[in-house]
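Colleague: model the structure of this input:
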Amino acid sequence: MIIETFRNIFKIPDLRKRILFTVMVLGMERIGTHIITPGINTAALEELWRTAQNTLFGLYDLFAGGAFSRAAVFGLGIMPYISASIIFQLLGAVWPTIQRLQQSGEEGRKKITQYTRYFTLVLSAMQAFGVAIWLESQAPTAAGDIVLIKGWGFKLLTMIAMSSGTMLLMWLGEQIDARGIGNGISLIIMIGIIARLPSALSQEWYEFMQDNRTLLVELFLIAIAFLIIAFVVVLTQAQRKIPVQYAKRVVGRKVYGGVNTHFPLRINTAGVMPIIFAQAIMFVPQTLFTMFPDSDFMAAIGRYFAWDHWFYWLIYGLIIVFFTYFYTAIVLNPVEVADNLKKQGGFIPGVRPGKKTAEYLDNILTRVTLPGAIALAFVAIIPYILVSVFNINFGYASFFGGTGLLIIVGVALDFIQQVESHLYMRHYEGFSKSGRIRGRR
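Modeller: I've put the predicted structure just below:
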């Protein structure tokens, strides 16, 4: 079945070209992560990075596909663009001008996209300047100074190189959207995360060959991985279907409406964003503690924020639950949904249109979000539990849950769903005979 589907994919010229173009662009992205910014002592940088992996910089390096730890031209990754997009999304909830642009159709969305690009350039330049200052401020390692020639020349060169790298990544993502298949930005993030898998597996294989772990433990970990992936797929696709009916409308000689459908409320409407916010917040105390190495007070507090302490897991999980509700409220407004249904002549059976519909949707969304938030917190905590129980490397454990796994599963489902759409348009079977695979959107 799967082999036949792959054959069908390459039988369709347009789909074949799109997939090959996507692979080519992702290959270019991986090449860029190995082009080092001029003026960097790579051996000294490797020494420094061994102590910086468990800080906020380690989280950033995850989304940059390892390019940040190399100070590559793609070192900032696509995160400035993601940050700019999130900022404009949040501004849409509080700034009337952005709200009007969001509601003004395709023309408004084009303007917001253009503003996001400009803001991405500003953010990437600021972040690159901060990276240059941070690299210059580091003490010399056993391999020497990290920056070979310090000064404004290095700062300016870093800003130009890394900002250009981010803008190029943004352009490559847009090219995938237009000429490839899948969501370009998401695929770039996903391929960066997957690129770390061979290194994690080789390190785990080394541990196994050194008899640090038994075969039974390794098989048990593989079984856990399959179960967690299945759970994440269910969490990503699970939804509550709200029945919706549309009244019949007669326009001229045509009759519109009169159909029964449903409005899907996803269990995990917020996606991976709550974990990203929570990780960023939880990494801040750890980063601050490293700035006060001689303070006993900071060291005492720092023990509670260590990865192997239950207090860290508790606070981390509660922050994820909070941000799940917070981000869900931003991306899905029940009042706006109720107004759109009313304008289109739709209604929920047994519920009056307008305010009552908004209250009904808000009530269901609140109840549906709770199990989704708890499940999201559980998935995020799994890597830390595995590290503590089985003493495995965190790079390997991160593929059992957390941000990386959620992004990989979500993007993979989107990609498969788009490939299936092309296959069904040309009357070919997809990856599943029992039904079509749903993406995240």
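Colleague: please make it C-alpha for all contacts and neighbour counts, starting now.
Modeller: Noted.
Colleague: residue 201 and residue 412, how far apart?
Modeller: 20 Å (CA to CA, to the nearest Å).
Colleague: those two: which has the busier surroundings?
Modeller: Neighbour totals were compared for residue 201 and residue 412, and residue 412 leads with 18 against 14 (other CA atoms under 10 Å).
Colleague: just the element for that one, please.
Modeller: For residue 412, the enclosing helix or strand under DSSP states H and E is helix 402-425.
Colleague: again with residue 243
Modeller: Using DSSP H and E, residue 243 sits in strand 239-246.
Colleague: that strand: partners in the sheet, and parallel or antiparallel?
Modeller: strand 260-266 (antiparallel), strand 346-347 (antiparallel) (DSSP bridges).
Colleague: most tightly packed of those?
Modeller: strand 346-347 (a mean of 22; mean count of other CA atoms under 10 Å).
Colleague: list the buried residues for the very next helix or strand once past that strand?
Modeller: Counting by DSSP H and E, the next helix or strand C-terminal to strand 346-347 is helix 355-390. Neighbour counts over helix 355-390 (16 or more other CA atoms under 10 Å) mark 357-358, 361-362, 365, 368-370, 372-387 as buried.
Colleague: with stretch 104-119 instead?
Modeller: For stretch 104-119, burial by neighbour count (16+ other CA under 10 Å) applies to 108, 112, 116-117, 119.
Colleague: helices or strands next to the helix holding residue 412 in the packing?
Modeller: helix 2-11, helix 184-194, helix 215-237, helix 273-289, helix 355-390 (3 or more CA pairs under 8 Å, 6 or more residues apart in numbering; DSSP states H and E).
Colleague: what strand or helix carries residue 213?
Modeller: Residue 213 belongs to no helix or strand, assigned by DSSP H and E.
Colleague: so which of the strands paired with strand 239-246 is nearest residue 77?
Modeller: Checking the strands paired with strand 239-246 against residue 77 by CA to CA gives strand 260-266 as the closest, at 29.1 Å.
Colleague: contacts for the closest one, please.
Modeller: Strand 260-266 has contacts (CA atoms under 8 Å, 6 or more residues apart in numbering) with 237-246, 365, 368.
Colleague: gap between the helix holding residue 412 and the chain center?
Modeller: 13 Å (CA atoms, centre = their mean, to the nearest Å).
Colleague: give me the buried stretch members for it, please.
Modeller: For helix 402-425, by 16+ other CA under 10 Å, it's 402-423.
Colleague: ok so, going back, could you identify the most distant pair in the contacts of strand 260-266?
Modeller: By the measure CA to CA, 237 and 246 form the most distant pair in the contacts of strand 260-266, at 25.5 Å.
Colleague: just the angle between the strand holding residue 243 and helix 355-390, please?
Modeller: With axes from the mean of the first three to the mean of the last three CA atoms, to 10 degrees applied, the angle from strand 239-246 to helix 355-390 works out at 160 degrees.
Colleague: just the C-alphas of strand 239-246, formatted as PDB.
Modeller: Provided in PDB are the C-alpha atoms of strand 239-246 (Å, rounded to 0.1, in the frame of the first residue of the first chain):
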ATOM      1  CA  GLN A 239     -11.600  17.600  17.800                       C
ATOM      2  CA  ARG A 240     -15.100  18.200  19.100                       C
ATOM      3  CA  LYS A 241     -17.500  18.600  16.300                       C
ATOM      4  CA  ILE A 242     -20.200  21.200  16.900                       C
ATOM      5  CA  PRO A 243     -23.300  20.600  14.600                       C
ATOM      6  CA  VAL A 244     -24.200  23.700  12.400                       C
ATOM      7  CA  GLN A 245     -27.100  24.200  10.100                       C
ATOM      8  CA  TYR A 246     -27.500  26.800   7.400                       C
END
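Colleague: which parts of that strand are buried?
Modeller: The neighbour-count check on strand 239-246 (16+ other CA under 10 Å) flags 239, 245-246 as buried.
Colleague: send over stretch 332-339 as CSV, restricted to the C-alpha atoms.
Modeller: Only the C-alpha atoms of stretch 332-339 are listed here, as CSV (Å, rounded to 0.1, in the frame of the first residue of the first chain):
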residue,chain,number,x,y,z
LEU,A,332,-10.1,31.4,18.4
ASN,A,333,-12.6,34.1,19.5
PRO,A,334,-16.1,32.6,20.1
VAL,A,335,-17.8,36.0,19.7
GLU,A,336,-16.2,36.4,16.2
VAL,A,337,-17.1,32.8,15.3
ALA,A,338,-20.7,33.4,16.4
ASP,A,339,-21.0,36.7,14.4
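Colleague: please work out the average pLDDT along that stretch.
Modeller: For stretch 332-339, mean pLDDT is 86.
Colleague: buried sites along that stretch?
Modeller: Applying a neighbour-count criterion of 16+ other CA under 10 Å, one finds 334-335, 337-339 buried in stretch 332-339.
Colleague: so how far is residue 390 from the closest residue to residue 99 other than its chain neighbours?
Modeller: Nearest residue to residue 99, sequence neighbours excluded (CA to CA, 6 or more residues apart in numbering): residue 92, at 4.7 Å. Relative to residue 390, residue 92 is positioned 45 Å away (CA to CA).
Colleague: ditto for residue 370
Modeller: Residue 370 is 30 Å from residue 390, by CA to CA.
Colleague: how about residue 183?
Modeller: Taken as CA to CA, the span from residue 183 to residue 390 is 36 Å.
Colleague: that'll do, ta.
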